[in-house]
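Visitor: Dropping the sequence and predicted coords here.
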Amino acid sequence: MEHSKDLDGGLSALGEEERILSRDYEEDWRMEYEPKIAAFCCTYCAYSAADLAGSMRLQYPPTVRMVKLLCTGKVEPIHLLKAFEAGADAVFVAG
């Protein structure tokens, strides 16, 4: 097996072809990745805007989950942390 130098100067057990193939696989994986997003939205502002966008047949990714709140001013940090614990990759609050 051919050894090549890493960026840090160490020896790598991967040959050049294997490096290229693994890099291509990583790029394919990044292109297929769709983050799960939790959106905490105010009933009268952001949620209404999202509803209007739906009426206009605009689409957003199916991996976005909206949580309708009466007021986003009452969102506690624990709610955001619980969304991450439940598997969300990103969380945002829109009022």
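Guide: Cool, got the structure.
Visitor: Am I right that residue 93 is in contact with residue 71?
Guide: No - at 10.8 Å, residue 93 does not count as touching residue 71 under the criterion of C-beta atoms under 8 Å. Every C-beta, even on glycine, is put in place using the N, C-alpha and C of the backbone.
Visitor: Next, give phi and psi for residue 77.
Guide: With angles defined as degrees, to the nearest 10, residue 77 sits at phi -60, psi -30.
Visitor: ok, it - contacts?
Guide: Counting by C-beta atoms under 8 Å, 6 or more residues apart in numbering, residue 77 touches no other residue.
Visitor: ok, residue 70 - how many residues close by?
Guide: 9 (other C-beta atoms under 10 Å).
Visitor: Tell me how far it lies from residue 44.
Guide: Shown here: residue 70 relative to residue 44, a distance of 9 Å by C-beta to C-beta, to the nearest Å.
Visitor: With residue 63 instead?
Guide: 25 Å.
Visitor: And residue 93 and residue 71? Which one has more around it.
Guide: A count of neighbours by other C-beta under 10 Å puts residue 93 above the other of residue 93 and residue 71, at 17 against 11.
Visitor: Name the SS class of that one, please.
Guide: Under DSSP: H, G, I helix; E, B strand; the rest coil, residue 93 falls in the strand class.
Visitor: Can you give me the distance of it to residue 49?
Guide: The value you get for residue 93 to residue 49, if C-beta to C-beta is used, is 14 Å.
Visitor: Check residue 61 too.
Guide: On the measure of C-beta to C-beta, residue 61 and residue 49 end up 16 Å apart.
Visitor: again, but for residue 57
Guide: 15 Å.
Visitor: Same question for residue 86.
Guide: 24 Å.
Visitor: my guess is residue 79 contacts residue 72, does it?
Guide: No - contact between residue 79 and residue 72 fails when scored by C-beta under 8 Å: they sit 10.2 Å apart.
Visitor: Mutual contacts of these two, please.
Guide: Counting by C-beta under 8 Å, 6+ apart, the residues touching both residue 79 and residue 72 are residue 40.
Visitor: For this structure, which segments count as strands?
Guide: 4-5, 11-12, 37-42, 64-69, 90-94 (DSSP state E).
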